[in-house]
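**Student:** Fold the following and give me the result.
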Amino acid sequence: MSAYKSLFAKATSDSQGFWLEAANGIDWVLPPSSALDESRKPFYSWFPDGVMNTCFNAVDRHVMAGRGAQNALIYDSPITGSSSKLTFAELQQKTAQFAGMLQSFGVETGDRVIIYMPMIPEAVIAMLGCARIGAVHSVVFGGFAAAELAKRIDDATPKVIISASCGHEPNRIVEYKPLLDAAIDMSEHKPSHCVIVQRDALKAELVPGRDFEWHDAHDGVAELPPVPLAASAPLYILYTSGTTGQPKGIVRDNGGHAVALNWSMSAIYDMSPGEVYWAASDIGWVVGHSYIVYAPLLFGCTSVLFEGKPIGTPDAGVFWRVIAEHKVKVLFTAPTAFRAIKRADPEGALMKQHDLSSLEYLFLAGERADPDTVTWAENKLKVPVIDHWWQTETGWSICANPMGIEKLPIKLGSPSVPMPGYEIDILDSEGAIVPPGELGAIAIKWPLPPSGMSTIWGADDAFVEKYFTTFPGYYESGDAGFKDEDGYVYIMARTDDVINVAGHRLSTGQLEEVLADHPDIAECAVIGVADELKGQLPLGMICLYPNCQRPAEDIVAEAIALVKERVGRVSAFNLVVVVERLPKTRSGKVLRSTMAKIADGQPWTIPATIDDPTILDEIAAQLKTIGYAENA
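**Tutor:** Below you'll find the predicted structure:
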């Protein structure tokens, strides 16, 4: 680990020098003279006197370097049967024109623009076009409920909203415009204009005077050059669902974000300019912001924009078709996508129909990558499968295996080691550092490295209270885990998902890891349910492979025995229910806390980010079969 350790030590001992050197990877209007302003802790400012433009760095500089004819974006939409490509030169023209359109509607630097879009090229153009003139974009997942969109409209107060007539889901079309209209009706703040992409499958009705069709809005506008911006100027607001029901608007700056993401493409993902990178996510999530739009384009790579699902559009072989057709070098997706593929095609038969020789790495993030899924992917793809851990709040990897620096040994169940600038300690409830191997709260010393959130939009006090108060001098990650003797970090659960069974702290991740090893279990989740004697008990929910012919009660008994054998009887693991599906967010996170409330008969609401609300009724019905969810 000599190369990695040397790099990490340099970033720790000379943070200013390390990040100023990394800043040379992007183009500046005025280069920064210092890397970090620490005068307002924890409101740190990276590259405080630097001036630059993110859109210029992601688009124009590649055209100026003679690479305008290279594909910047490959749009592949198996759900609609369409595809297209945009070169850097074409993207430059379209973002310049979009910026001119915004200006024609009175949008200025610092104004907010909400983007409520499906996975189509216009969404990427809109993000970059906002960045071109310093308008702050806030992408809201296309098809989000009207009430949730309304909350974001009132919080961000956008001058303009960019949307589309509809989005496509397997077997249905989601009408966006009625949701948008309802959200605007609900919100106190009213945007001055809406720009709508009319899709072939459905045409939306436009409100005269307020709404403009995409092409009509662009007619006759000037093409604008990039506006020089302070590195500390906000690039975007990205909302995460708060536990209070009020969404938190994570604010990302321009300069630190561009430096960190540009650095990560070679150091972590081992990419070179001109190669093809595919993050199979959505622009509504941070992965889509960082690794569909910004990082690949900042670094001069070709990025794949995929409108589809890992299964069902049309089958569990679509990922392999995209990789083969577009010569993808790196695939980055969520573990839940691979669990779905594995469940639908456990033998990997569909893989064999495609030439996957271009693929060199699979990166996973978003949920804990269970060893069973990692092993399956390694065996089938014959490439390194790299788990890495990061958050909306950080914008890039907290822990990863830096493939472009040094290929470290892969340890199943671990996202490997901290990246430069992330000094991680595992703390107990009193804030004391715990020994290697002991479970605790994962905390990161101030300051977060470049790209870390600068605040919560309009809520500085909440920013300090939520992230920087529990453990003085640390950022509270909200995740629980441990470090081993080699410094590898293991993310075992959200802090809220750690189960206390008669005083013994158990992680849901540890129990799920054991369940996933059972050959008949395709997916699983463990939650803590209330118990008068022990405080909490673990309850496992398991999904079986579709072709499983064995009696469910036999598998349940074997699953219980397996946990008791591997974890011990201290786990008190006796509750297992077989379910057809697990409730998840659109980004693939399992909704454990909601299921726990259902099981305990507590009041609960349908999370705004849920993929399919009907699953919760199915879960409640199954839980009732074992005596839980009485009030559901």
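**Student:** any idea how far residue 386 lies from residue 514?
**Tutor:** According to CB to CB, to the nearest Å, residue 386 stands 23 Å off from residue 514. C-beta coordinates here come from the backbone N, C-alpha and C atoms, glycine included.
**Student:** Run me through the strand neighbours of the lowest-mean-pLDDT helix or strand in the chain, direction for each.
**Tutor:** Ranking every helix and strand in the chain by mean pLDDT, DSSP states H and E puts strand 504-506 at the bottom, with a mean of 74. Paired neighbours of strand 504-506 in the sheet (DSSP bridges): strand 499-501 (antiparallel).
**Student:** Distance of residue 450 relative to residue 13?
**Tutor:** On the measure of CB to CB, residue 450 and residue 13 end up 17 Å apart.
**Student:** Which of those two has more residues huddled nearby?
**Tutor:** Taking other CB atoms under 10 Å, residue 450 and residue 13 do not tie; residue 450 has more neighbours (30 against 9).
**Student:** Mind checking what secondary structure the more buried one has?
**Tutor:** coil (DSSP: H, G, I helix; E, B strand; the rest coil).
**Student:** which secondary structure element contains the residue nearest to it when sequence neighbours are not counted?
**Tutor:** Leaving aside its sequence neighbours, residue 450 sits nearest to residue 256 (CB to CB, 6 or more residues apart in numbering; 3.3 Å). Assigned by DSSP states H and E, residue 256 falls within helix 255-267.
**Student:** Flag every buried residue along the next helix or strand after that helix.
**Tutor:** Past helix 255-267, further along toward the C-terminus, the next helix or strand under DSSP H and E is strand 276-279. Going by neighbour count (16 or more other CB atoms under 10 Å), the buried part of strand 276-279 is 276-279.
**Student:** Could you do stretch 406-426 as well?
**Tutor:** 408, 411, 413-426.
**Student:** gap between that stretch and the chain center?
**Tutor:** The gap between where stretch 406-426 is centred and where its chain is centred comes out at 19 Å by CA atoms, centre = their mean, to the nearest Å.
**Student:** again with stretch 438-450
**Tutor:** On CA atoms, centre = their mean, the centre of stretch 438-450 falls 19 Å from that of its chain.
**Student:** Could I get the full set of strands for the stretch 201-350 of the chain?
**Tutor:** Secondary structure of the stretch 201-350 of the chain (DSSP state E, counting those that start in this stretch): strands at 211-213, 229-230, 234-240, 248-253, 276-279, 302-306, 328-333.
**Student:** Mind putting these into CSV with mean pLDDT and distance to residue 489?
**Tutor:** Listed next are the strands of the stretch 201-350 of the chain as CSV, based on pLDDT from 0 to 100; distance: least, CB to CB, whole Å:
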stretch, mean pLDDT, distance to residue 489
strand 211-213, 98, 48
strand 229-230, 98, 34
strand 234-240, 95, 22
strand 248-253, 96, 22
strand 276-279, 98, 22
strand 302-306, 98, 28
strand 328-333, 98, 19
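**Student:** List the strands paired with the helix or strand hosting residue 543, with their directions.
**Tutor:** In this structure, residue 543 is located in strand 535-544 according to DSSP H and E. Using DSSP bridges, the strands paired with strand 535-544 are strand 521-531 (antiparallel), strand 575-578 (parallel).
**Student:** pLDDT (mean, whole number) over the shortest one?
**Tutor:** Just to be clear, that refers to strand 575-578. On average, the pLDDT along strand 575-578 is 94.
**Student:** pull the CA atoms of that strand into CSV?
**Tutor:** The C-alpha trace of strand 575-578 is given here as CSV (Å, rounded to 0.1, in the frame of the first residue of the first chain):
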residue,chain,number,x,y,z
LEU,A,575,-37.9,-14.0,13.2
VAL,A,576,-37.9,-14.4,9.4
VAL,A,577,-40.6,-13.8,6.8
VAL,A,578,-40.6,-14.5,3.1
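**Student:** Flag the shaky bits of this structure, pLDDT-wise.
**Tutor:** The model of the chain has pLDDT under 70 over residues 241-245, 496, 503, 631-632.
**Student:** How is it divided into domains?
**Tutor:** 2-308+388-481, 499-624 (automatic domain parsing).
**Student:** sorry, back to before: quick one: the strands of the stretch 201-350 of the chain as CSV, columns for distance to residue 549 too.
**Tutor:** Output for the strands of the stretch 201-350 of the chain, formatted as CSV (distance: least, CB to CB, whole Å):
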stretch, distance to residue 549
strand 211-213, 54
strand 229-230, 61
strand 234-240, 42
strand 248-253, 47
strand 276-279, 36
strand 302-306, 35
strand 328-333, 30
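**Student:** do you know which of the ones you listed lies nearest residue 42?
**Tutor:** Closest to residue 42 of the strands of the stretch 201-350 of the chain, according to CB to CB: strand 248-253, at 13.2 Å.
**Student:** distance between that closest one and the chain's centre?
**Tutor:** Using CA atoms, centre = their mean, the distance from the centre of strand 248-253 to the centre of the chain it belongs to is 14 Å.
**Student:** let's have the chain start at 615 instead
**Tutor:** Happy to do that; since the first residue is 615 now, the last one works out to strand 862-867.
**Student:** That strand: partners in the sheet, and parallel or antiparallel?
**Tutor:** According to DSSP bridges, strand 862-867 has the following sheet partners: strand 848-854 (antiparallel), strand 1069-1070 (antiparallel).
**Student:** Pick the most deeply packed of those strands.
**Tutor:** Among the strands paired with strand 862-867, strand 848-854 has the highest mean neighbour count (mean count of other CB atoms under 10 Å), at a mean of 25.
**Student:** So what touches it?
**Tutor:** Contacts with strand 848-854, where a contact means CB atoms under 8 Å, 6 or more residues apart in numbering, come from 668, 724, 726, 741, 744-745, 750-754, 766, 769-770, 861-868, 871, 900, 903, 1006-1007, 1068, 1071.
**Student:** Buried ones from these, can you make that a ChimeraX selection?
**Tutor:** Buried members of the contacts of strand 848-854, defined by 16+ other CB under 10 Å, are picked up in ChimeraX with:
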select :668,726,741,744,745,750,751,752,753,754,766,769,770,861,862,863,864,865,866,867,868,871,900,903,1006,1007,1068,1071
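**Student:** Sort out for me which of the contacts of strand 848-854 are in helices.
**Tutor:** The members of the contacts of strand 848-854 that map onto helices under DSSP state H are 668, 741, 744-745, 766, 769-770, 871, 900.
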